[in-house]
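Novice: pasting the sequence and the predicted model now:
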Amino acid sequence: EAGVTQFPSHSVIEKGQTVTLRCDPISGHDNLYWYRRVMGKEIKFLLHFVKESKQDESGMPNNRFLAERTGGTYSTLKVQPAELEDSGVYFCASSQVRRGGDEQFFGPGTRLTVL
Amino acid sequence: RKEVEQDPGPFNVPEGATVAFNCTYSNSASQSFFWYRQDCRKEPKLLMSVYSSGNEDGRFTAQLNRASQYISLLIRDSKLSDSATYLCVVSRTGGFKTIFGAGTRLFVKA
(Lines give C-alpha, C1' and ligand atoms only; values in the text may rest on other atoms or scores of the structure.)
Protein backbone atom coordinates (compact mmCIF):
# COMPACT_ATOMS: atom_id res chain seq x y z
CA GLU A 1 0.00 0.00 0.00
CA ALA A 2 1.39 3.40 -0.96
CA GLY A 3 2.06 5.83 1.86
CA VAL A 4 1.36 9.52 2.04
CA THR A 5 3.11 11.37 -0.75
CA GLN A 6 3.95 15.06 -1.02
CA PHE A 7 5.08 17.21 -3.88
CA PRO A 8 7.44 18.93 -4.31
CA SER A 9 10.05 17.64 -1.91
CA HIS A 10 11.82 21.01 -1.98
CA SER A 11 10.79 24.46 -3.09
CA VAL A 12 12.86 27.62 -3.12
CA ILE A 13 10.98 30.82 -3.93
CA GLU A 14 11.39 34.52 -3.44
CA LYS A 15 9.42 36.62 -1.03
CA GLY A 16 6.15 37.66 -2.61
CA GLN A 17 5.84 34.65 -4.88
CA THR A 18 3.20 31.97 -4.69
CA VAL A 19 3.80 28.31 -3.92
CA THR A 20 1.38 25.39 -3.94
CA LEU A 21 2.13 22.22 -2.04
CA ARG A 22 0.34 18.98 -2.75
CA CYS A 23 -0.45 16.00 -0.54
CA ASP A 24 -1.84 12.64 -1.58
CA PRO A 25 -3.07 10.73 1.46
CA ILE A 26 -3.23 7.00 1.89
CA SER A 27 -6.14 5.67 -0.16
CA GLY A 28 -9.29 5.43 1.92
CA HIS A 29 -8.12 7.78 4.66
CA ASP A 30 -10.80 10.37 5.33
CA ASN A 31 -8.67 12.49 7.65
CA LEU A 32 -5.97 14.69 6.21
CA TYR A 33 -3.79 17.04 8.24
CA TRP A 34 -1.28 19.72 7.42
CA TYR A 35 1.57 20.58 9.80
CA ARG A 36 4.56 22.86 9.69
CA ARG A 37 7.95 22.68 11.37
CA VAL A 38 9.92 25.87 11.51
CA MET A 39 13.64 25.41 12.21
CA GLY A 40 14.30 24.82 15.88
CA LYS A 41 10.63 24.60 16.80
CA GLU A 42 8.15 21.82 17.33
CA ILE A 43 5.79 20.56 14.66
CA LYS A 44 2.69 22.75 14.62
CA PHE A 45 -0.79 21.80 13.51
CA LEU A 46 -2.19 23.88 10.65
CA LEU A 47 -5.49 22.30 9.74
CA HIS A 48 -7.52 19.14 9.46
CA PHE A 49 -9.85 17.90 6.73
CA VAL A 50 -12.45 15.20 7.08
CA LYS A 51 -13.05 14.19 3.50
CA GLU A 52 -13.49 17.51 1.68
CA SER A 53 -14.61 19.51 4.72
CA LYS A 54 -12.35 21.59 6.93
CA GLN A 55 -12.82 20.21 10.43
CA ASP A 56 -10.38 22.55 12.16
CA GLU A 57 -8.28 25.29 10.61
CA SER A 58 -7.36 27.04 13.83
CA GLY A 59 -3.65 26.52 13.24
CA MET A 60 -3.48 28.40 9.94
CA PRO A 61 -1.14 31.35 10.56
CA ASN A 62 -2.98 33.95 8.47
CA ASN A 63 -5.03 34.45 5.34
CA ARG A 64 -2.02 34.06 3.08
CA PHE A 65 -2.47 30.32 3.54
CA LEU A 66 -5.26 28.51 1.69
CA ALA A 67 -5.87 24.79 1.86
CA GLU A 68 -8.25 22.82 -0.29
CA ARG A 69 -9.27 19.21 -0.63
CA THR A 70 -11.60 19.03 -3.58
CA GLY A 71 -13.35 15.68 -3.89
CA GLY A 72 -11.94 14.51 -0.60
CA THR A 73 -8.83 12.97 -2.10
CA TYR A 74 -5.61 14.95 -2.48
CA SER A 75 -5.09 18.31 -0.84
CA THR A 76 -3.23 21.47 -1.76
CA LEU A 77 -1.80 24.16 0.47
CA LYS A 78 -1.17 27.46 -1.23
CA VAL A 79 0.92 30.26 0.24
CA GLN A 80 0.31 33.61 -1.45
CA PRO A 81 2.27 35.82 -1.15
CA ALA A 82 5.08 33.98 0.61
CA GLU A 83 7.02 35.69 3.39
CA LEU A 84 10.42 34.85 4.87
CA GLU A 85 8.88 33.41 8.04
CA ASP A 86 6.96 30.84 5.99
CA SER A 87 10.17 28.87 5.48
CA GLY A 88 10.08 25.43 7.06
CA VAL A 89 9.06 21.87 6.44
CA TYR A 90 5.40 21.27 5.66
CA PHE A 91 4.16 17.81 6.55
CA CYS A 92 0.95 16.20 5.53
CA ALA A 93 -0.54 13.26 7.40
CA SER A 94 -3.57 11.07 6.94
CA SER A 95 -5.54 8.69 9.08
CA GLN A 96 -8.67 6.63 9.30
CA VAL A 97 -10.27 7.23 12.67
CA ARG A 98 -10.25 4.08 14.75
CA ARG A 99 -11.35 3.25 18.24
CA GLY A 100 -8.63 4.15 20.68
CA GLY A 101 -7.18 7.03 18.78
CA ASP A 102 -6.25 8.58 15.53
CA GLU A 103 -2.95 7.11 14.31
CA GLN A 104 -1.58 9.40 11.69
CA PHE A 105 0.80 8.49 8.89
CA PHE A 106 3.08 11.24 7.68
CA GLY A 107 4.38 12.11 4.27
CA PRO A 108 8.04 12.94 3.72
CA GLY A 109 7.36 16.67 3.84
CA THR A 110 8.00 19.62 1.58
CA ARG A 111 10.95 21.78 2.53
CA LEU A 112 10.05 25.37 1.66
CA THR A 113 12.66 28.09 1.58
CA VAL A 114 11.57 31.68 1.05
CA LEU A 115 14.41 34.03 0.12
CA ARG B 1 3.61 27.22 29.12
CA LYS B 2 3.57 24.76 26.22
CA GLU B 3 0.66 22.38 25.98
CA VAL B 4 2.99 19.38 25.62
CA GLU B 5 6.40 19.49 27.28
CA GLN B 6 9.35 17.18 26.89
CA ASP B 7 12.93 17.23 28.10
CA PRO B 8 14.86 18.02 24.90
CA GLY B 9 17.88 15.99 26.02
CA PRO B 10 20.07 14.86 24.46
CA PHE B 11 20.20 11.54 26.21
CA ASN B 12 23.50 9.81 25.50
CA VAL B 13 23.39 6.13 26.45
CA PRO B 14 25.49 3.05 25.68
CA GLU B 15 24.11 0.12 23.75
CA GLY B 16 22.12 -2.18 25.96
CA ALA B 17 21.07 0.53 28.39
CA THR B 18 17.54 1.25 29.51
CA VAL B 19 16.34 4.79 28.98
CA ALA B 20 13.08 6.51 29.90
CA PHE B 21 11.45 9.66 28.57
CA ASN B 22 8.63 11.59 30.17
CA CYS B 23 6.18 14.00 28.66
CA THR B 24 3.63 16.21 30.39
CA TYR B 25 0.49 17.69 28.90
CA SER B 26 -1.57 20.54 30.24
CA ASN B 27 -4.99 20.04 28.65
CA SER B 28 -7.07 17.63 30.70
CA ALA B 29 -9.42 17.22 27.72
CA SER B 30 -6.69 15.32 25.90
CA GLN B 31 -7.88 11.89 24.91
CA SER B 32 -5.33 10.19 22.70
CA PHE B 33 -1.62 9.86 23.26
CA PHE B 34 1.17 8.67 21.04
CA TRP B 35 4.91 8.36 20.76
CA TYR B 36 6.40 9.09 17.35
CA ARG B 37 9.98 8.68 16.27
CA GLN B 38 11.67 11.11 13.90
CA ASP B 39 15.03 10.53 12.27
CA CYS B 40 17.10 13.46 11.08
CA ARG B 41 15.42 15.26 8.14
CA LYS B 42 12.73 12.58 7.90
CA GLU B 43 9.03 12.52 8.67
CA PRO B 44 7.67 11.40 12.04
CA LYS B 45 6.77 7.73 12.20
CA LEU B 46 4.33 6.29 14.70
CA LEU B 47 6.13 4.25 17.33
CA MET B 48 3.19 3.36 19.52
CA SER B 49 -0.11 4.55 20.85
CA VAL B 50 -0.38 4.95 24.61
CA TYR B 51 -3.33 3.36 26.34
CA SER B 52 -4.64 3.96 29.84
CA SER B 53 -3.63 0.48 30.90
CA GLY B 54 -0.13 0.90 29.54
CA ASN B 55 1.19 -1.08 26.63
CA GLU B 56 4.30 -2.84 25.50
CA ASP B 57 5.75 -3.54 22.08
CA GLY B 58 8.95 -5.52 22.22
CA ARG B 59 11.60 -3.39 23.90
CA PHE B 60 9.29 -0.39 24.18
CA THR B 61 6.83 0.25 26.99
CA ALA B 62 4.48 3.22 27.17
CA GLN B 63 2.53 4.36 30.20
CA LEU B 64 -0.14 6.98 30.75
CA ASN B 65 -0.88 8.71 34.05
CA ARG B 66 -4.03 10.76 33.60
CA ALA B 67 -4.09 12.03 37.18
CA SER B 68 -0.66 13.60 36.82
CA GLN B 69 -1.08 14.27 33.10
CA TYR B 70 2.07 12.65 31.89
CA ILE B 71 3.06 9.84 29.59
CA SER B 72 6.29 7.91 29.52
CA LEU B 73 8.29 5.79 27.13
CA LEU B 74 10.75 3.17 28.30
CA ILE B 75 13.28 1.66 25.92
CA ARG B 76 15.07 -1.46 27.10
CA ASP B 77 18.26 -2.93 25.64
CA SER B 78 18.94 0.16 23.52
CA LYS B 79 20.23 -0.39 20.00
CA LEU B 80 22.30 1.95 17.86
CA SER B 81 19.28 2.15 15.54
CA ASP B 82 17.18 3.64 18.35
CA SER B 83 19.09 6.91 17.96
CA ALA B 84 16.45 9.43 16.92
CA THR B 85 14.18 12.13 18.25
CA TYR B 86 11.16 10.86 20.16
CA LEU B 87 8.05 13.00 19.89
CA CYS B 88 5.25 12.99 22.41
CA VAL B 89 1.92 13.63 20.67
CA VAL B 90 -1.42 14.43 22.26
CA SER B 91 -4.84 14.74 20.64
CA ARG B 92 -8.10 16.08 21.94
CA THR B 93 -11.46 14.41 21.68
CA GLY B 94 -11.98 12.64 18.40
CA GLY B 95 -8.30 12.64 17.62
CA PHE B 96 -8.31 16.14 16.23
CA LYS B 97 -6.06 19.16 16.87
CA THR B 98 -2.94 17.14 17.38
CA ILE B 99 -0.28 18.75 19.54
CA PHE B 100 3.38 17.77 19.27
CA GLY B 101 6.04 18.09 21.89
CA ALA B 102 9.39 19.48 20.79
CA GLY B 103 10.96 16.04 21.05
CA THR B 104 13.65 14.30 23.08
CA ARG B 105 16.88 13.52 21.33
CA LEU B 106 18.44 10.10 21.98
CA PHE B 107 21.94 9.03 21.01
CA VAL B 108 22.85 5.38 21.53
CA LYS B 109 26.59 4.76 21.38
CA ALA B 110 28.55 1.57 20.80
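Specialist: Cool, got the structure.

Novice: quick check: closest non-adjacent residue to residue 66.
Specialist: The chain I'm using is chain A. On the basis of Cβ to Cβ, 6 or more residues apart in numbering or on different chains, the spatially nearest residue to A:Leu66 that is not a chain neighbour turns out to be A:Lys78, at 4.7 Å. Heads up, the C-betas are built off the backbone N, CA and C, glycines and all.

Novice: sorry, should have said chain B
Specialist: Ranked by Cβ to Cβ, 6+ apart and with sequence neighbours excluded, the top spatial neighbour of B:Arg66 is B:Ser52, at 6.8 Å.

Novice: B:Gln63 is in contact with that neighbour, correct?
Specialist: No - look at B:Ser52 against B:Gln63 with Cβ atoms under 8 Å: they stay out of range, at 9.5 Å.

Novice: secondary structure element holding the residue nearest to B:Arg66?
Specialist: Mapping B:Ser52 onto the secondary structure by DSSP states H and E places it in no helix or strand at all.

Novice: likewise for B:Asp77?
Specialist: Per DSSP H and E: B:Asp77 is located in neither a helix nor a strand.

Novice: okay, now it: neighbour count?
Specialist: Neighbours of B:Asp77 under the rule other Cβ atoms under 10 Å in any protein chain shown: 11.

Novice: circling back: B:Ser52 and B:Gln63: which is more packed in?
Specialist: For B:Ser52 versus B:Gln63, neighbours defined as other Cβ under 10 Å are more numerous around B:Gln63 (19 against 11).

Novice: beta-bridge partners for the residue nearest to A:Leu66, please?
Specialist: When bridges are assigned using DSSP bridges, the partners listed for A:Lys78 are A:Thr20, A:Leu66.

Novice: what about residue 14, how many residues nearby?
Specialist: In the absence of a named chain, this looks at chain A. Using other Cβ under 10 Å, A:Glu14 is surrounded by 11 other residues.

Novice: I was after chain B.
Specialist: Summarising burial for B:Pro14: neighbours were counted as other Cβ under 10 Å, giving 9.

Novice: doesn't B:Asp82 make contact with it?
Specialist: No - when contacts are counted by Cβ under 8 Å, B:Pro14 is not listed as touching B:Asp82 (11.7 Å).

Novice: hmm, who's touching whichever strand or helix holds B:Tyr86?
Specialist: With elements taken from DSSP H and E, the one containing B:Tyr86 is strand B:84-91. Strand B:84-91 has contacts (Cβ atoms under 8 Å, 6 or more residues apart in numbering or on different chains) with A:43, A:101-102, B:3-4, B:6, B:21, B:23, B:25, B:27, B:30-40, B:44, B:47, B:71, B:73, B:97-101, B:103-106.

Novice: report the buried members of those.
Specialist: A:43, A:101-102, B:3-4, B:6, B:21, B:23, B:25, B:30, B:32-38, B:44, B:47, B:71, B:73, B:97-101, B:103-106 (16 or more other Cβ atoms under 10 Å in any protein chain shown).
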